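> whatever this is, show me its structure:
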Amino acid sequence: MAEKYKVILLNGSPHPEGCVARAFDEIEKTLHECGVDTERIEVGTKDVRGCISCNFCRTHGRCVFNDLVNETAPKFAEADGLIAGTPVYYAGGNGQLLAFLDRLFYSSASTIDKTMKVGAAVASSRRAGSTSAFDEINKYFTICSMPVASSTYWNEVHGFTAEDVEHDLEGLQTMRNLARNMAFLIKAIRSQRDAEGLPAQERGEFTSFFTER
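Predicted coordinates:
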């Protein structure tokens, strides 16, 4: 029986058929060609509020707000990779997507081992600001021992509409290369994990500087 692999794609755009969706179409098509299943989750169209730092999740293993975050968490737990796509607003990511990622990553800190799950950010902009949004999302992965999938350019497409993105041939090429690289990483990590297990993660130290009074 063939190995099963899966990537979750989070669309942070309020336009389900917009520029991010067009980039995701290219990624999903290529991932499927590489034998990787996908599931797309629309975040930008949902009413997602931010974290209130109540720490309900620390004792209950889920967010206090029972919405799309809690629906997505078990899918994330089973997935081999996660791609978060965002339009660019004021050189940053969509607020709903960032609120979603804050709560997803924090509320699942003790329930989902994210070690060696592959992460990738995709940004869509009309002209500029995409690299800062791209960097903003990648920080969620790099704090959780998640390798970040790269491509032959920053993972971005340009355009004001999905039709514009059709003309960004390099952007679409970047999405295809991203998908191939991500599939390769996922398969290589699975092979090594099955052979030797995941790398040990030390968690004992927690540096907090303060001034005694």
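> which SSE is Ala109 in?
Assigned by DSSP states H and E, Ala109 belongs to no helix or strand.
> packing partners of the longest helix along the chain?
Ranked by residue count and defined by DSSP state H, the top helix of the chain is helix 169-196. Counting contacts by 3 or more Cβ pairs under 8 Å, 6 or more residues apart in numbering; DSSP states H and E, helix 169-196 packs against helix 19-33, strand 81-87, strand 118-125, strand 156-158. Just so you know, the C-beta spots here come from the backbone N, C-alpha and C atoms, and that holds for glycine as well.
> dump these to JSON lines, plus mean pLDDT, mean neighbour count and distance to Glu170.
Putting the helices and strands packed on helix 169-196 into JSON lines (pLDDT from 0 to 100; neighbours: other Cβ atoms under 10 Å; distance: least, Cβ to Cβ, whole Å) gives the following:
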{"stretch": "helix 19-33", "mean pLDDT": "98", "mean neighbour count": "21", "distance to Glu170": "12"}
{"stretch": "strand 81-87", "mean pLDDT": "98", "mean neighbour count": "28", "distance to Glu170": "17"}
{"stretch": "strand 118-125", "mean pLDDT": "98", "mean neighbour count": "26", "distance to Glu170": "14"}
{"stretch": "strand 156-158", "mean pLDDT": "97", "mean neighbour count": "23", "distance to Glu170": "9"}
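> just for the chain, where's the confidence low?
211-213 (pLDDT under 70).
> distance from the longest helix of the chain to the middle of the chain?
Averaging C-alpha positions (Cα atoms, centre = their mean, to the nearest Å) puts helix 169-196 14 Å from its chain's average.
> tilt between that helix and helix 19-33?
Angle of helix 169-196 versus helix 19-33, following axes from the mean of the first three to the mean of the last three Cα atoms, to 10 degrees, is 50 degrees.
> roughly how far apart are the closest residue to Glu156 other than its chain neighbours and Pro74?
In this structure, Glu156 finds its nearest non-sequential neighbour in Ser130, 4.2 Å apart by Cβ to Cβ, 6 or more residues apart in numbering. The spacing between Ser130 and Pro74, counted by Cβ to Cβ, to the nearest Å, is 31 Å.
> okay, now Ile143: neighbour count?
Neighbours of Ile143 under the rule other Cβ atoms under 10 Å: 10.
> tell me who's in contact with it.
Applying Cβ atoms under 8 Å, 6 or more residues apart in numbering to Ile143 gives the contacts Phe105.
> going forward, begin numbering at 44 instead of 1
Sure thing, new numbering starts at 44, so read that last one as Ile186.
> returning to that earlier point: and the longest helix of the chain, what's buried?
Neighbour-count burial for helix 212-239 flags 214-215, 217-226, 228-230, 232 (criterion: 16 or more other Cβ atoms under 10 Å).
> now what about stretch 89-99, what contacts it?
105-108, 110-112, 139, 142-143, 145-146, 149.
> one step back: tell me the one among the buried residues of helix 212-239 nearest to Cys187.
If you rank the buried residues of helix 212-239 by distance to Cys187 using Cβ to Cβ, Ile232 comes first, at 14.2 Å.
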